[in-house]
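Novice: Give the three-dimensional model of this entry:
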Amino acid sequence: MSAYVSAFELFSIGVGPSSSHTVGPMRAALDFVNRLRAEGLLDSVGRVTCTLYGSLGATGIGHGTPDAVVAGLMGLEPETVDPEAVRSAWTAWPAGGELPLGGTRPIGFAKDDIAFEPRTRLPGHPNAMTLEAWTAPDAGRPRRAVTDAAAGLVRETGASRASAPAPAIADDTGLLLRETYYSVGGGFIRRDGEPPRVQSRGYRFDYGTAEELLALCDEHGLTIAELARMNEEALRDDEQIAAGLDAIWDAMATCVDAGLHADGVLPGMLQVKRRAGSIRSQLDEAEADGRRELPGEWLGAFALAVNEENAAGGRVVTAPTNGAAGILPAVAMYWWRFLADSGLGAGNAVTPYGELVGSALLGYDGHATPPDDGAAWDEASVSEANRRRGIRRFLLTATALGSLFKANASISGAEGGCQAEVGSACAMAAGGLTAVMGGTNRQIENAAEIAMEHHLGLTCDPVGGLVQIPCIERNAIAASTAVTAARLALRGDGSHYVSLDTVVETMRQTGIDMSHKYKETSEGGLAVNVIEC
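Specialist: Down below sits the predicted model:
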């Protein structure tokens, strides 16, 4: 079975602040509505209830989980929804309000129709939720007041294990449909009881490890990006692939720009002040005065910008998660702005970037002859075209690497701690940067290994259950680590002692051994030692 996950699934456009706690639950609720519709049950629904288990129950309020569930029940999709429609959808729900189920069926809905069971963990995944549809407005469990202990940040330890509620359709209790879903990270969901997904989907190249990936590249004379591109061709044609990758990058760049031009205070009790806009103003002033500011300062600002937008519930791209969404765009923007016109060649000499992107698979070189299509051609357009091709190479390389983390370990903070989110994103960014700087396949694998190795054991302990402290700064630090890892790898020949596969397996084992207190429950670490004001 192939580890490969399409770039258009790994990098999905959605809303903040969490791919596993916001995007995933919204998709689960939407899938539930679609199943009601497919079974012909939608018009019979009088009430819908939802129970959030484990990490979803523990930090769901801070992550906007119940708001996302309400949005999904309304038929809204994370890819297209106006972020304003999600913010406070549940938090500010009016007493006696009607919910347009699937956008068409009005039903009564109350805030306590969503229940929180943080100390109950289902065996399928720490992020679990059960949705139930009932015929009558008063059917199902009794409504009860939503208290801080039930709905807020719950820190008690000693979680219990429970079996997932059995799926059901139309019984004599008034239950029409029951489904349990697992939000497994990166916005991906899995329905309880459904067979494991066959990942191949007709991909040309199946690989399960980094060693197999490198062997396939050697056998067929391909770069990692080229192999990923050929796999994408199983689902889309060349034009669609290029346009789709460009759309992903445009969404990332738009998010960076929005964060750099925003100010104020982020939502939540912590009252965290945005900083990216202030840093951008300082750097702009320095450049206007002729001072040369370090590109590394811009790198950090780019990452802060994305994660501040994410914390505010804005539109972001999972990369591979929302909590780690700032790393890859920051490193890519750093390359775009400061490095795109030069790179490190095979002999570690500086060479024009255009000489490194001549593959027809990744597009027209631009440094040879103008395209024969009558279009205007100048140096500016060539530079833009080369940057676009570079970003596609960056994203495809990162996809091939990120697929390994998802298949062989985890990209979910609730399952593997922050090493699974920020560590994976850092490795993907390091590999992508190495690729666009002219690195070999083995240098790319080396860069990813370096980046991941030094995030092993990283805990996920968000203060107040919010994706703010330490998450926002952590992305900036990891972006810097990714650049360092790429530069170290580029100064070597690709040979190294610890393999990427070894590090991925170590991350998996470490995640299993890690206490649940450090896996997105806010029951340990900074979350219990920082005083919330």
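
Novice: wait, isn't T209 in contact with S403?
Specialist: No. Here T209 lies out of contact with S403, judged by CB atoms under 8 Å, at a distance of 10.8 Å. Where C-beta positions appear, they are placed from N, C-alpha and C, glycine not excepted.

Novice: all helices of the stretch 201-350 of the chain, in order?
Specialist: 210-220, 224-232, 238-260, 276-288, 295-311, 327-334 (DSSP state H, counting those that start in this stretch).

Novice: for the fourth one, packing partners?
Specialist: Going back to what we said before, that points to helix 276-288. The contact analysis (3 or more CB pairs under 8 Å, 6 or more residues apart in numbering; DSSP states H and E) places helix 276-288 against helix 238-260, helix 295-311.

Novice: can you check the last one too?
Specialist: Contact analysis of helix 327-334 by 3+ CB pairs under 8 Å, 6+ apart lists helix 238-260, helix 295-311, helix 379-408, helix 424-436, helix 471-490 as its packing neighbours.

Novice: most tightly surrounded among the ones you listed?
Specialist: Of all those, helix 424-436 has the most neighbours on average by mean count of other CB atoms under 10 Å, namely a mean of 33.

Novice: circling back: I'd like the helices of the stretch 201-350 of the chain laid out as CSV, including mean pLDDT.
Specialist: Shown next, in CSV, are the helices of the stretch 201-350 of the chain (pLDDT from 0 to 100):
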stretch, mean pLDDT
helix 210-220, 98
helix 224-232, 98
helix 238-260, 97
helix 276-288, 94
helix 295-311, 97
helix 327-334, 98
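
Novice: any chance of those helices in CSV, plus distance to R190?
Specialist: What follows is those, written out as CSV (distance: least, CB to CB, whole Å):
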stretch, distance to R190
helix 210-220, 24
helix 224-232, 22
helix 238-260, 23
helix 276-288, 35
helix 295-311, 23
helix 327-334, 24
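
Novice: Now for T209 and S403: what residues contact both?
Specialist: Counting by CB atoms under 8 Å, 6 or more residues apart in numbering, the contacts common to T209 and S403 are A3.

Novice: what are the phi and psi angles of P462?
Specialist: Dihedral pair for P462: phi -70, psi 130, per degrees, to the nearest 10.

Novice: Retrieve the pLDDT associated with it.
Specialist: As predicted, P462 sits at a pLDDT of 95.

Novice: do the one 10 residues further on as well
Specialist: Confidence per residue is given as pLDDT, and for I472 that number is 98.

Novice: Show the contacting residues for the nearest residue to G457 once chain neighbours are set aside.
Specialist: Leaving aside its chain neighbours, G457 sits nearest to T510 (5.7 Å; criterion: CB to CB, 6 or more residues apart in numbering). T510 sits next to G416, G417, Q419, L456, G457 when contact means CB under 8 Å, 6+ apart.

Novice: In ChimeraX, how would I select just the buried ones from these?
Specialist: To isolate in ChimeraX the members of the contacts of T510 that are buried, counting by 16 or more other CB atoms under 10 Å, one can use:
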select :416,417,419,457
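
Novice: want to try a markdown table for the contacts of T510, with distance to F8 and pLDDT as columns?
Specialist: Formatted as a markdown table, these follow (distance: CB to CB, whole Å; pLDDT from 0 to 100):
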| residue | distance to F8 | pLDDT |
| --- | --- | --- |
| G416 | 24 | 96 |
| G417 | 27 | 97 |
| Q419 | 25 | 98 |
| L456 | 29 | 98 |
| G457 | 32 | 98 |
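
Novice: Just the contacts of T510: which are in helices?
Specialist: Among the contacts of T510, the members found in helices (DSSP state H) are G416.

Novice: got TSV for the contacts of T510, with distance to N529 too?
Specialist: What follows is the contacts of T510, written out as TSV (distance: CB to CB, whole Å):
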residue	distance to N529
G416	22
G417	17
Q419	20
L456	22
G457	18
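
Novice: okay if I get the helices and strands packed on helix 327-334 as a markdown table plus distance to T223?
Specialist: Putting the helices and strands packed on helix 327-334 into a markdown table (distance: least, CB to CB, whole Å) gives the following:
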| stretch | distance to T223 |
| --- | --- |
| helix 238-260 | 15 |
| helix 295-311 | 25 |
| helix 379-408 | 8 |
| helix 424-436 | 7 |
| helix 471-490 | 15 |
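
Novice: hmm, back to that, do you know which of the helices of the stretch 201-350 of the chain lies nearest A92?
Specialist: Within these, the stretch nearest A92 is helix 295-311; the backing value is 18.5 Å (CB to CB).

Novice: which stretches of the stretch 1-150 of the chain form strands?
Specialist: 13-15, 47-53, 98-101, 105-108, 114-117, 120-121, 127-134 (DSSP state E, counting those that start in this stretch).

Novice: of all those strands, which lies closest to V306?
Specialist: Across the strands of the stretch 1-150 of the chain, V306 has its closest neighbour in strand 13-15 (12.9 Å, CB to CB).

Novice: picking up where we left off before, a markdown table for the helices and strands packed on helix 276-288, including distance to C50?
Specialist: Output for the helices and strands packed on helix 276-288, formatted as a markdown table (distance: least, CB to CB, whole Å):
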| stretch | distance to C50 |
| --- | --- |
| helix 238-260 | 29 |
| helix 295-311 | 23 |
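
Novice: The helices and strands packed on helix 327-334: which one's closest to V331?
Specialist: V331 lies closest to helix 424-436 among the helices and strands packed on helix 327-334, at 4.1 Å (CB to CB).

Novice: Give the rounded mean pLDDT of that closest one.
Specialist: So the average pLDDT for helix 424-436 ends up being 98.

Novice: Dead centre of this structure: give me the residue that sits there.
Specialist: The chain has T321 as the residue nearest its centroid, 1.7 Å off, counting by CA atoms, centre = their mean.

Novice: which residues does it contact?
Specialist: Taking CB under 8 Å, 6+ apart as the contact definition, T321 lies against S18, S19, S20, G185, G186, G187, I411, S412, G413, E421, S424, A425.

Novice: Could you tell me how far it is located from P118?
Specialist: Computed with CB to CB, to the nearest Å, the distance linking T321 and P118 is 20 Å.

Novice: Also G187?
Specialist: Taken as CB to CB, the span from G187 to P118 is 22 Å.

Novice: ok, the residue nearest to E79 when sequence neighbours are not counted - how many residues close by?
Specialist: Sequence neighbours aside, I13 is the residue nearest to E79 in space, at 5.2 Å (criterion: CB to CB, 6+ apart). Applying the criterion other CB atoms under 10 Å, we find 20 residues in the vicinity of I13.

Novice: With the one 4 residues further on instead?
Specialist: When neighbours are defined as other CB under 10 Å, P17 has 31 of them.

Novice: do R291 as well
Specialist: R291 has 9 neighbouring residues, counting by other CB under 10 Å.

Novice: Offset the numbering so it begins at 8, please.
Specialist: Sure, I'll start counting at 8 from here, so that last one is R298.

Novice: Which pLDDT value belongs to it?
Specialist: Looking at R298, its pLDDT reads 78.

Novice: ok, now which ones touch it?
Specialist: By CB under 8 Å, 6+ apart, the contact list for R298 is empty.

Novice: and it, what are its phi and psi?
Specialist: Backbone dihedrals for R298, given as degrees, to the nearest 10, come out at phi -80, psi 140.

Novice: residue ranges with poor pLDDT in the stretch 58-207 of the chain?
Specialist: Under the criterion pLDDT under 70, the flagged ranges of the stretch 58-207 of the chain are 147-170, 173-179, 203-207.

Novice: What segments of it are helices?
Specialist: Along the stretch 58-207 of the chain, counting by DSSP H, counting those that start in this stretch, helices occupy 61-70, 72-80, 90-93, 155-158.

Novice: how distant is the third one from the center of its chain?
Specialist: Spelled out, it's helix 90-93. The offset between the C-alpha centroid of helix 90-93 and the centroid of the whole chain comes to 18 Å, using CA atoms, centre = their mean, to the nearest Å.

Novice: How about the first one?
Specialist: Taking the mean C-alpha point of helix 61-70 and that of its whole chain, the gap between them comes to 17 Å (CA atoms, centre = their mean).
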